[in-house]
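Participant: Take this sequence and fold it.
(2 chains, ligands or ions: 2)
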Amino acid sequence: MIADLIETVVKILIVFGINMGFFAPILGWVERKQSAVMQDRVGANRADILGFRIIGLFHPIADALKVMVKEDFIPDGANKLFHTLAPFISLTCALVTFAVIPFGGQYELFGHKVNLVIADLDVGILFVFAFASLAPFGAVLAGWSSNNNWSFLGGMRASAQMLSYEVAMGFTIIGVIMVYGTLQLTEIGAAQADFFRWGIFLQPVGFLLFFTCAIAENKRIPFDMPEAESELVAGYFTEYSGMKFVMFWMGEFVEIVTISAIVTTLFFGAWHIPFVSDTALVSLFSPVGQAASNLLAMIHDSLGSPATALAVSTLLAMVVNLGVFLAKIIFFIWLQMTIRWTLPRFRYDQVMRLGWKMILPISLINIFITGLFML
Amino acid sequence: MPIEPQKIKKVRRNLELTLWEKLYIFEVIRGLFITTRHLVVNLIGFVVPPAGKKRSIPTIYYPEEKRVMFDAYRGRPVLVAQENGSEKCVACGLCEKICPGRAITIVAREKENGDRFPLQFTLDMTRCVYCGYCEEVCPKEAIVMSREYENLAAYNRAEMIFSKESLLRPEKDLRERLEYVRRIYSKCNY
Ligand code: SF4
Ligand code: SF4
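Facilitator: Ligands and ions are numbered 1, 2, ... in the order given. Below is the predicted model:
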């Protein structure tokens, strides 16, 4: 019982620590810097502490400080409750999804089964979709409660766009569920131990469509209709300032990470290195574990048992799992950022046409063809 | 600086898209490839700069690195000093007359030997529009537009009014501009 509790707390700390402590602040920096270098500019590099600038990495700190001391403004005539609630919904929906995403395999540590996922739900993928479909509420509430025309238009577009792409997203995922025959994300991950059974090989079209829908769900360029800086000021969060503004902003970044994690889990072999299974990983680290247990034996005799050796190598394997998973996530974050700074925006009608007339039919055909192959 | 011939790139406009382009996804990948190439080249450029440059990105890190302005640049008008440190200006008043912003005020005096000189030469930089007429009209090459582009703005108006003493610059610092002025205004009357 205690062991379970410790395990869960450690996992939550790891996942949320990585998300809120590492990705959320660093992505703001990455977005500015990557876009700058890509466009032959230098990007933010002025914030310094005692003359040290370390390529602009102090900017997240400066931003955080600035945001905390800013006035939190609620416009006249706004619905105070919903206006305050909206950013929390946005951020929470993005974060909670991480609970069901596996970032490693299942191992045994001192006879205790450790499963590297916070909540191993049977219907993991449905959980993801449930919270993805809650996300529009954040945008819609924000737009509606702000008592501002730009916000209202943004919120309206957000609802239209996110609902249409959710439908298409649901269909694109069915192909994957059919191939692996499970809704459980850990099992989908485990099924991709074999390199040639990765989702990208079994469902290439599904991957493309899902990725497109996911970017559209996240309301980023080229699908930034709800924000539309060039038309709607900032869309649904025009009337937000200070910490609440940043919550939307962080929600967006966390969602980038979430999308990357889901894509990795479904299509890119989750935590697996190609051609190396989890058991092979543990045995690969066994000499290290042996050495570590020998070292520990010097401190206390009982620590030098083969059990500790196994535990150390297992732990190392877990860390490698997590590292590989993170590396894949980072790759997809990079890809999304690059897409954001490469493609021009769609027009509103183009977004709708793409969603309903192209992606939806193609995903239906994809399901059909997948079914044919499975028979 | 001679202008290097640029590679001309043909852009297709208002054409029917080919089927390949209509598929969109391949053109997207091509676009991603281009941006990524820029990213990688520039990142490498930060670590290993291309020959003769500090980095492959053309940005100048302004307060630390300053740009040397080209000859045609019209910065703050300054007075040219002679070898002995006194001004070349003979207080003819032409610049005062032509200045469209009425930025220049001259108080002229005469020496014992009959030479005129400006007792006061006040330049009100709140009024100057950097047109360069004063430089063009001056018969003595005594006032030129310098390359100075810093501290042209100030926190109060009093700081923007300059006296003769604060405007004097040694002639050797202004040589490029003087040569440029001779070339461009065909001045040979001295
Ligand atoms: S540059 Fe033009 S406006 Fe300025 S002082 Fe000379 S003549 Fe006057
Ligand atoms: S035109 Fe030249 S010489 Fe005449 S007053 Fe002006 S600066 Fe002096």
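Participant: Tell me the spacing between the residue nearest the centre of chain B and B:Val80.
Facilitator: What sits nearest the mean C-alpha location of chain B, by CA atoms, centre = their mean, is B:Tyr73, with 2.6 Å. Distance, B:Tyr73 to B:Val80, using CB to CB, to the nearest Å: 17 Å. Heads up, the C-betas are built off the backbone N, CA and C, glycines and all.
Participant: Report the backbone C-alpha coordinates of the helix or strand where B:Ile184 lies in PDB.
Facilitator: Mapping B:Ile184 onto the secondary structure by DSSP states H and E places it in helix B:175-185. As requested, the backbone C-alpha atoms of helix B:175-185 are provided in PDB (Å, rounded to 0.1, in the frame of the first residue of the first chain):
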ATOM      1  CA  ARG B 175      37.300  62.900 -44.400                       C
ATOM      2  CA  GLU B 176      35.100  60.300 -46.000                       C
ATOM      3  CA  ARG B 177      32.000  62.500 -45.800                       C
ATOM      4  CA  LEU B 178      33.900  65.500 -47.100                       C
ATOM      5  CA  GLU B 179      35.100  63.500 -50.100                       C
ATOM      6  CA  TYR B 180      31.600  62.200 -50.700                       C
ATOM      7  CA  VAL B 181      30.200  65.800 -50.500                       C
ATOM      8  CA  ARG B 182      32.700  67.000 -53.000                       C
ATOM      9  CA  ARG B 183      31.800  64.200 -55.400                       C
ATOM     10  CA  ILE B 184      28.100  64.500 -55.000                       C
ATOM     11  CA  TYR B 185      27.600  68.300 -54.900                       C
END
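Participant: so how far is it from its chain's centroid?
Facilitator: 14 Å (CA atoms, centre = their mean, to the nearest Å).
Participant: and that helix, what's its mean pLDDT?
Facilitator: Across helix B:175-185, pLDDT averages out at 84.
Participant: re earlier: am I right that the residue nearest to the centre of chain B falls within a strand?
Facilitator: No: B:Tyr73 sits outside any strand when classified using DSSP: H, G, I helix; E, B strand; the rest coil, being coil.
Participant: Can you check which strand is longest in chain B?
Facilitator: In chain B, assigned by DSSP state E, the strand with the most residues is strand B:116-124.
Participant: got the contact list for it?
Facilitator: Residues external to strand B:116-124 that are found in contact with it (CB atoms under 8 Å, 6 or more residues apart in numbering or on different chains): B:77, B:79, B:86-87, B:89-92, B:101, B:103-111, B:160-164, B:167.
Participant: in the stretch 251-375 of chain A, which spans are strands?
Facilitator: The residue ranges that make up strands in the stretch 251-375 of chain A, judged by DSSP state E, counting those that start in this stretch, are empty, as it has none.
Participant: Tell me the residues of it that contact chain B?
Facilitator: Counting by CB under 8 Å from any CB of the partner chain, the stretch 251-375 of chain A comes close to chain B at A:335, A:338-339, A:341-343.
Participant: Now whichever strand or helix holds A:Leu65: buried residues?
Facilitator: A:Leu65 belongs to helix A:59-68 when assigned by DSSP H and E. Across helix A:59-68, burial judged by 16 or more other CB atoms under 10 Å in any protein chain shown covers A:59-60, A:63, A:67.
Participant: Quick check: chain neighbours aside, which residue is closest to B:Tyr149?
Facilitator: B:Gly75 (4.9 Å; CB to CB, 6 or more residues apart in numbering or on different chains).
Participant: which ones are touching that neighbour?
Facilitator: Residues touching B:Gly75, when contacts are defined by CB under 8 Å, 6+ apart, comprise B:69, B:130, B:145-149, B:152.
Participant: Can you tell me which of these are classed as buried?
Facilitator: Buried by 16+ other CB under 10 Å: B:145-147, out of these.
Participant: just to revisit the earlier point, tell me which helix or strand comes right after the longest strand of chain B.
Facilitator: Assigned by DSSP H and E, the successor of strand B:116-124 is helix B:133-137.
Participant: quick one: is that next one near ligand 1?
Facilitator: Yes: with CB under 6 Å from any ligand atom as the criterion, ligand 1 is reached by helix B:133-137 at B:133-134.
Participant: Just give me how far that helix sits from the chain centre.
Facilitator: Using CA atoms, centre = their mean, the distance from the centre of helix B:133-137 to the centre of the chain it belongs to is 16 Å.
Participant: how much space is there between A:Glu255 and ligand 1?
Facilitator: 55 Å (CB to the nearest ligand atom, to the nearest Å).
Participant: For B:Glu4, the count of nearby residues, please.
Facilitator: The number of residues packed near B:Glu4 is 6, by other CB atoms under 10 Å in any protein chain shown.
Participant: Tell me the secondary structure of it, please.
Facilitator: Following three-state DSSP, we place B:Glu4 in the coil state.
Participant: Output the buried residues of helix A:59-68 in CSV, with pLDDT appended to each entry.
Facilitator: Formatted as CSV, the buried residues of helix A:59-68 follow (pLDDT from 0 to 100):
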residue, pLDDT
A:His59, 83
A:Pro60, 82
A:Asp63, 82
A:Val67, 85
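Participant: ok, so of the residues you listed, who is nearest ligand 1?
Facilitator: Using CB to the nearest ligand atom, A:His59 comes nearest to ligand 1 of the buried residues of helix A:59-68, at 39.8 Å.
Participant: ok, the closest one touching A:Asp48?
Facilitator: No: taking contact to mean CB atoms under 8 Å, the distance of 10.0 Å between A:His59 and A:Asp48 leaves them out of contact.
Participant: ok so, going back, please report the distance of the residue nearest to B:Tyr149 from A:Lys244.
Facilitator: Using CB to CB, we find B:Gly75 at a distance of 46 Å from A:Lys244.
Participant: The helix ranked longest in chain B near chain A anywhere?
Facilitator: Longest among the helix segments of chain B by residue count, using DSSP state H, is helix B:25-47. Yes: contact between helix B:25-47 and chain A, assessed by CB under 8 Å from any CB, occurs at B:25, B:28, B:31-32, B:34-36, B:38-39, B:42-43.
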